[in-house]
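> based on what follows, work out the 3D shape:
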Amino acid sequence: MSVPVLWRDLRRFTPARVALGRVGNGLPTDAQLAFQAAHAAARDAVQAVLDIPALQADLRQVGLAASVVHSACPDRRTFLLRPDLGRRLRDTAGLPLAPGCLAILLCDGLSAAAVQRHAPPLLGHLAGRLERMGPIAIAVQGRVALGDEVGDAVGAEAILVLIGERPGLTAPDSLGAYLTWQPKRGCTDAERNCVSNIRPDGLPTAAAADKLLWLIMRMRALRLSGVGLKDEQPAISQAGLDQGRSIPAVGP
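Predicted coordinates for the structure are as follows:
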């Protein structure tokens, strides 16, 4: 069965599965095969292993160094079955003290590919524009709240967690960024700000960096994050995004 023109036009505006058509009571073969391929890619993303040496090398390319920490999860299976252990730090060995700084944690989360591909360019946009940027750590088998313990351990004023988001059927490599003021064990999601869907076909890394810089500037001014910190960033011109000059370096 052919797809009506008005429905077919929607494909220009979204990667979602719309206007697929049908054959009898089912989908066309190509749509069904594409769905199965996307589902397999999402499953693979959840099970993928973070290549830490390659990630550290990519960070060095933008002038950054990162240590490695581990959650309390001994393996991937435990990580998927015990989210609580993914929020706990195994130990603090190798974490330098950085009082008053913004610490940064990279977590594999539910999509190691997202961190592998998008975290280095995102941090490359942030480096040099962010004052009091503290240590960077890479966490294996980590959840968002693992950043609370890392930030508390290094004495950071705030922490930025970059983590692989739950894969979707159109986005197996979406990166999320979570910002928390005065991190400590027991922080709730209401105390965080999130910038999600960071990827080329979602929110590009340059635009995400601008958004994070604005939030960090306001967080430091208000001395809070979460529901009390509203995203009221002024509109940014595309030229500013392309040149990376829309927001100056963020200081105290």
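
> can you list the weak-confidence ranges in the stretch 151-252 of the chain?
For the stretch 151-252 of the chain, the stretches with pLDDT under 70 are 235-252.

> can you give me the helices in it?
205-222, 238-243 (DSSP state H, counting those that start in this stretch).

> so which of these is the most packed in?
When the helices of the stretch 151-252 of the chain are scored by mean count of other CB atoms under 10 Å, the highest mean neighbour count falls to helix 205-222 (a mean of 20). The C-beta positions use only the backbone N, C-alpha and C, and glycine is treated the same way.

> gap between the closest residue in space to residue 18 that isn't next to it in sequence and residue 60?
Nearest residue to residue 18, sequence neighbours excluded (CB to CB, 6 or more residues apart in numbering): residue 10, at 4.9 Å. From residue 10 across to residue 60, the span is 43 Å (CB to CB, to the nearest Å).

> residue 229 too?
Per CB to CB, residue 229 is found 32 Å from residue 60.

> now swap in residue 91 and tell me
Computed as CB to CB, the residue 91 to residue 60 distance reads 25 Å.

> which residue is nearest the middle of this protein?
For the chain, the residue nearest the mean C-alpha position is residue 176 (2.4 Å; CA atoms, centre = their mean).

> pretty sure that residue contacts residue 162?
Yes: assessed by CB atoms under 8 Å, residue 176 is found in contact with residue 162 at 7.4 Å.

> and the helix or strand hosting residue 45, how far out from the chain's middle?
Here residue 45 sits within helix 29-47, counting by DSSP states H and E. The chain centre lies 22 Å from the centre of helix 29-47; the measure is CA atoms, centre = their mean, to the nearest Å.

> may I have the very next helix or strand once past that helix exported as PDB, CA atoms only?
Later in the chain than helix 29-47, the nearest helix or strand by DSSP H and E is helix 52-61. What follows is helix 52-61, C-alpha atoms only, in PDB (Å, rounded to 0.1, in the frame of the first residue of the first chain):
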ATOM      1  CA  ILE A  52      39.600   3.400  28.000                       C
ATOM      2  CA  PRO A  53      43.100   3.700  26.400                       C
ATOM      3  CA  ALA A  54      41.500   5.000  23.200                       C
ATOM      4  CA  LEU A  55      39.300   7.400  25.100                       C
ATOM      5  CA  GLN A  56      42.300   8.700  27.100                       C
ATOM      6  CA  ALA A  57      44.200   9.200  23.800                       C
ATOM      7  CA  ASP A  58      41.300  11.100  22.300                       C
ATOM      8  CA  LEU A  59      41.200  13.300  25.400                       C
ATOM      9  CA  ARG A  60      45.000  14.000  25.100                       C
ATOM     10  CA  GLN A  61      44.300  15.200  21.600                       C
END
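
> circling back to that earlier point, can you get me a residue count around the residue nearest to residue 18?
12 (other CB atoms under 10 Å).

> measure it to residue 175 for me?
Residue 10 is 26 Å from residue 175, by CB to CB.

> do the same with residue 54
16 Å.
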